[in-house]
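In: fold the following for me, if possible:
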Amino acid sequence: MRFSSFTYLVGQGLHNLRANRLMTFASMGVLTVCMLLIGAAYLLGVNIDYMVEYIGNQNMMVVYMGDEEGQNSTDEQISAADAAIRNTPHVVGVTYMSPADVLATYGDMLKDYTNLQQVFQNDNPFTPNYRVTVDDPQNIESVSAQLMQIDGVASVKAPLAMAEMFTSLQRVINYACYGIVAVLAIVSIVVINNTIKITVFNRRKEIGIMKLVGATNGFIRFPFFVEGVASGLISAALASGIVCGAYYALCRWYAENPSNLSQMFGGQLVPLENVWYYIVGGFVLLGFVLCGLGTATSIRKHLNV
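Out: Predicted structure coming up:
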């Protein structure tokens, strides 16, 4: 195709947007609404996944030092155990708590009721321990078993049931939210395809006249393709601006109005800079495929004149 023909057909496609603006606006409106729903479902799924993962990662194992008879570990055993714990695979955080540290911690918690520092001044009943964090809740069980093999470790208190619950919950939420996105995408395809078919049906006489005067199928299809791509990209731009703008405002409001509930879920939503390119890229792809290719293929049966 010569460049002059290409520019002419592109101009015709853009002209058709204005000439058939009623159906164009209807198609763009339907596609924009569908994109907004898909974007909202995607952001909901991403944030729920993040919140569940954040809560799950707060699980912490407590490794108590000592022997089977309840005697405290020696300094040498604690030093050796410290290195072994820190070198255990999947361990990402280790905090040592001496008996004095444990007493101080519980003393602060119960300061309104009693003075533990004074009560246990000469006889501290607490044992040294390590607060151990792993990289993934799924690894808590295996890490717990490895820690129990370390010399000087008396017991390991690990929230295995909670870790399993959060892992299962995260999996279910992922399937549910991304399933919603898939269903909305299918509904969008059906609705947009029907809208495009109505648009093309209303212009079947125009297609027939062009065919009768000798226009090739490609010559007829290309302006429709340009028209579809342009309307799809405009819809993608509108939906991207609305979704990203609304989500940015929601992130700011969420950060500026902290609550106990929000702090429990990490105190923030997934930042916009982490997801905007998925939203924009998905909308552009959806608009191009549905409107561009959908329009070009929908006129096939009207070319047989």
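
In: please look at Ile140 and Leu147 and confirm they touch.
Out: No: using C-beta atoms under 8 Å, Ile140 is not in contact with Leu147; the gap is 10.4 Å. Using the backbone N, CA and C atoms, a C-beta is placed for each residue, glycine as well.

In: who touches both of those two?
Out: Here Ile140 and Leu147 have Met61 as joint contacts, going by C-beta atoms under 8 Å, 6 or more residues apart in numbering.

In: more crowded one of those two?
Out: Legend: neighbour count by other C-beta atoms under 10 Å for Ile140 and Leu147, higher for Ile140 (25 against 21).

In: so what does the helix or strand that contains the more buried one touch, helix or strand wise?
Out: Taking DSSP states H and E as the definition, one finds Ile140 inside helix 140-148. Applying 3 or more C-beta pairs under 8 Å, 6 or more residues apart in numbering; DSSP states H and E, one finds that helix 140-148 contacts strand 61-65, strand 129-134, strand 153-157, helix 160-202.

In: mean pLDDT lowest for which of those?
Out: For those, mean pLDDT drops lowest on helix 160-202, to a mean of 71.

In: pLDDT weak spots in the stretch 201-305 of the chain?
Out: 258-267, 292-305 (pLDDT under 70).

In: please name the nearest non-neighbouring residue to the spatially most central residue of the chain.
Out: With distances taken as C-alpha atoms, centre = their mean, the chain has Val46 as the residue nearest its mean C-alpha position (2.3 Å). Among residues not flanking Val46 along the chain, Val270 sits closest, at 5.3 Å (C-beta to C-beta, 6 or more residues apart in numbering).

In: helix/strand/coil for the one you found?
Out: What DSSP: H, G, I helix; E, B strand; the rest coil gives for Val270 is coil.

In: do the same with Gly214
Out: Taking three-state DSSP as the rule, one finds Gly214 in the coil state.

In: share the number of residues neighbouring it, please.
Out: For Gly214, the neighbour count with other C-beta under 10 Å is 7.

In: do the same with the one 4 residues further on
Out: Neighbour count of Gly218, defined by other C-beta under 10 Å: 11.

In: report the distance from stretch 208-215 to the chain centre.
Out: In this view, stretch 208-215 has its centroid 50 Å away from the chain centroid, taken as C-alpha atoms, centre = their mean, to the nearest Å.

In: what do you get for stretch 172-187?
Out: The chain centroid and the centroid of stretch 172-187 are separated by 12 Å, computed with C-alpha atoms, centre = their mean.

In: before we move on, what about stretch 143-150?
Out: Worked out by C-alpha atoms, centre = their mean, stretch 143-150 lies 33 Å from the chain centre.

In: before we move on, what about stretch 120-135?
Out: Here stretch 120-135 shows a centroid-to-chain-centroid distance of 38 Å under the convention C-alpha atoms, centre = their mean.
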